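[1] Please find the sequence and the predicted model below.
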Amino acid sequence: MRAGQPLTVTLPDGECPLPPGGFYLVKPRDIETTLETVTQGSAHTALSSLKTGFVTAPGGHRLGVCGAVVQRENGALGLRCVSSVCLRVARAVPGAADGLPLQLLRGNQFFHTLILSPPGFGKTTLLRDLTRQIANGGAHGAPRRVALVDERGEVAACHRGQPQLDVGAHTDVLDGCPKAWGIMWLLRAMAPQVLMVDEITSPEDMDAMTAAQGCGVTLFATLHADGLQDLAARRSRRALAGLFQRVVVIHRAGGRRRWEIHPFPDAPEPPPSPPTDKERRMP
């Protein structure tokens, strides 16, 4: 919704006007009404303390906002007026990761895994369902304690501290904090077996994940990249090769999203996993 411009919806083919075959010009009052609805009548309070660029509504839906920014003496940012909003509809896809946990298992341990795709191909959707399945347990084994650093609130879509999307019964979510800081918090506080991070970007993120790996935690993360060739061209490839053992690449085929598993380029193969109690008892 952009003030003075046609109302649009973003579909796989791009932005389309609403209603179909015509258009509706967005008025400033439409944006004000949308804000009041999403913030449950507290638009002014929400905008004055805005830090992330969006407001999360019940159900996990996110309203991104844009307009005139106000910077306060303490460095905090807020908005004086809003000129456009973008409503992102939250939707989980249970079953998106079906079969993946079992294929990423070696003995009784998961491979440290990086999920790759261009924007909009479903990295976060896949990570969310992978989190749910690993935390709940299944054919891949017993439930694990999973810690999720959800810096942008896209994976669990927390509203007032409670996940609005299913991330599993044994998942602890740290919402809205920088990834490097959140990883260390969870290591100290929650004794995770598996750590999930969406969209790693900085050397600080990788330093924190290296510390987590040294504590015996299995790593899962996502990264924007257009396949293995794009990954190989990254300056951070060597650092990533020291962290991850497998790469899940998402691509589109026949109008549907598919994923493929590859060994991480240049990464050393891990040593065999120690046998489980059941394996030790076998003759």
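    Now that the structure is in, tell me what you want to look at.
[2] Is there a neighbour count for A221? I'd like the number.
    Number of residues near A221 (other CB atoms under 10 Å) recorded here: 24. No exception for glycine: its C-beta is placed from N, CA and C like everyone else's.
[3] ditto for P12
    Neighbours of P12 under the rule other CB under 10 Å: 7.
[4] Who are the contact partners of T56?
    T56 makes contacts with R62, L63, G153, A157, C158, H159, as judged by CB atoms under 8 Å, 6 or more residues apart in numbering.
[5] Go through the residues you listed and flag which are in strands.
    By the criterion of DSSP state E, membership of the contacts of T56 in strands covers R62, L63, C158, H159.
[6] Closest one of those residues to I31?
    Distance to I31 across the ones in strands among the contacts of T56 (CB to CB) is lowest for L63, with 10.1 Å.
[7] For beta bridges, what are the partners of the closest one?
    Legend: beta-bridge partners of L63 under DSSP bridges are V55, L87.
[8] Ok, the one 5 residues further on next?
    In this structure, A68 has beta-bridge partners C81, where bridges are defined by DSSP bridges.
[9] Kindly export stretch 160-167 (C-alpha atoms) in PDB.
    Listed next in PDB are the C-alpha coordinates belonging to stretch 160-167 (Å, rounded to 0.1, in the frame of the first residue of the first chain):
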ATOM      1  CA  ARG A 160       4.100 -11.000  22.500                       C
ATOM      2  CA  GLY A 161       6.800 -13.700  23.000                       C
ATOM      3  CA  GLN A 162       4.700 -16.700  21.700                       C
ATOM      4  CA  PRO A 163       5.500 -18.400  18.400                       C
ATOM      5  CA  GLN A 164       2.600 -18.000  16.000                       C
ATOM      6  CA  LEU A 165       4.000 -20.700  13.600                       C
ATOM      7  CA  ASP A 166       4.800 -24.200  14.700                       C
ATOM      8  CA  VAL A 167       8.500 -24.700  15.400                       C
END
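[10] Next, give phi and psi for R246.
    Backbone dihedrals for R246, given as degrees, to the nearest 10, come out at phi -130, psi 150.
[11] Now for it: which residues touch it?
    The contact partners of R246, by CB under 8 Å, 6+ apart, come to L104, F111, H112, T113, L114, I261, H262, P263, F264.
[12] cool, and R234?
    Taking CB under 8 Å, 6+ apart as the test, what R234 contacts is A225, L240.
[13] so what's it scoring on pLDDT?
    pLDDT recorded at R234 is 78.
[14] what do you get for G41?
    If you check G41, the pLDDT there is 78.
[15] next SSE after the lengthiest helix in the chain?
    In the chain, assigned by DSSP state H, the helix with the most residues is helix 123-136. The C-terminal neighbour of helix 123-136 among helices and strands, as given by DSSP states H and E, is strand 146-150.
[16] Remind me what that following strand packs against, helices and strands.
    Strand 146-150 is packed against helix 123-136, strand 171-175, helix 179-189, strand 194-197, with contacts defined by 3 or more CB pairs under 8 Å, 6 or more residues apart in numbering; DSSP states H and E.
[17] In this protein, what residue spans correspond to helices?
    With DSSP H applied, the chain shows helices at 28-38, 43-48, 100-103, 123-136, 179-189, 203-214, 227-232, 237-241, 277-281, listed in chain order.
[18] Quick check: mean pLDDT of the longest one?
    Computed over helix 123-136, the mean pLDDT rounds to 96.
[19] Only alpha carbons, please: show it as CSV.
    The C-alpha coordinates for helix 123-136 follow below in CSV (Å, rounded to 0.1, in the frame of the first residue of the first chain):
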residue,chain,number,x,y,z
LYS,A,123,14.8,-21.1,2.6
THR,A,124,12.9,-19.8,5.7
THR,A,125,9.9,-22.1,5.1
LEU,A,126,12.2,-25.1,4.8
LEU,A,127,14.2,-24.1,8.0
ARG,A,128,11.0,-23.7,9.9
ASP,A,129,9.7,-27.2,9.1
LEU,A,130,13.1,-28.7,9.7
THR,A,131,13.1,-27.1,13.1
ARG,A,132,9.7,-28.5,13.9
GLN,A,133,10.6,-32.0,12.8
ILE,A,134,13.9,-32.2,14.6
ALA,A,135,12.4,-30.8,17.8
ASN,A,136,9.4,-33.2,17.7
